[in-house]
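# With the sequence up front, the predicted model follows.
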Amino acid sequence: MSEPRDYPTDPQHLTDADWRERLSAAEFRVLRQAGTEAPFVGEYTDTTTEGVYRCRACGAELFRSDAKFASSCGWPSFFTPLAGEAVIERRDDSLGMARTEILCAHCHSHLGHVFAGEGYPTPTDLRYCINSISLTLDEA
């Protein structure tokens with residue numbers, strides 16, 4: 001489990017300098033610069049521990065462990081966020097393809113992407129592919 005953090009109360013008003021003080025260089029690259037961690041190395045890729053996954057930048061609740069599934073894609077995968085307001089979707093045309101980026105609704109940090117129609121046996125037919133470094137887990 002990750003160490004507790006001093007989460008900002010109004011993170012949308014933090015500057016890049018503020019975020020650099022609060023996050024490691026790797027966390028800043030993913031969360032604030034929309035980077036991607038390498039596949040199959042993240043802390044939560046294969047975790048089956050019950051609990052609530054939170055945004056590593058601000059602590060907002062994002063996903064429950066009962067919505068996590070083994071997709072074998074190299075990153076933690078969920079079929080639905082905790083609540084409709086937990087994440088923001090934004091079109092991402094980087095890398096020469098159209099994708100849907102997922103951001104934390106509270107602090108607008110990059111989490112990963114959501115994909116549809118891949119044939120996974122989930123109730124929503126969606127795969128929220130999330131960088132482990134974007135998350136912390138509060139164990140049940």
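Sure thing, it's come through.

# For the residue minimising distance to the centre of the chain, identify the helix or strand it belongs to.
Nearest to the mean C-alpha position of the chain, by C-alpha atoms, centre = their mean, lies Leu111 at 3.2 Å. Using DSSP states H and E, Leu111 sits within strand 110-116.

# one step back: ok, the residue nearest to the centre of the chain - contacts?
Leu31, Cys55, Leu62, Val87, Ile102, Leu103, Cys104, Tyr128, Ile130, Asn131, Ser134, Leu135 (C-beta atoms under 8 Å, 6 or more residues apart in numbering). Every residue, glycine included, has its C-beta placed from N, CA and C.

# Then Cys55?
By C-beta under 8 Å, 6+ apart, the neighbours of Cys55 are Leu62, Cys104, His106, Cys107, Ser109, Leu111, Ser134, Leu135, Thr136.

# I'd like the mean pLDDT over stretch 82-95, please.
Averaged over stretch 82-95, pLDDT sits at 86.

# ranges for the helices of this protein?
Here the chain has its helices, by DSSP state H, at 16-22, 25-31.
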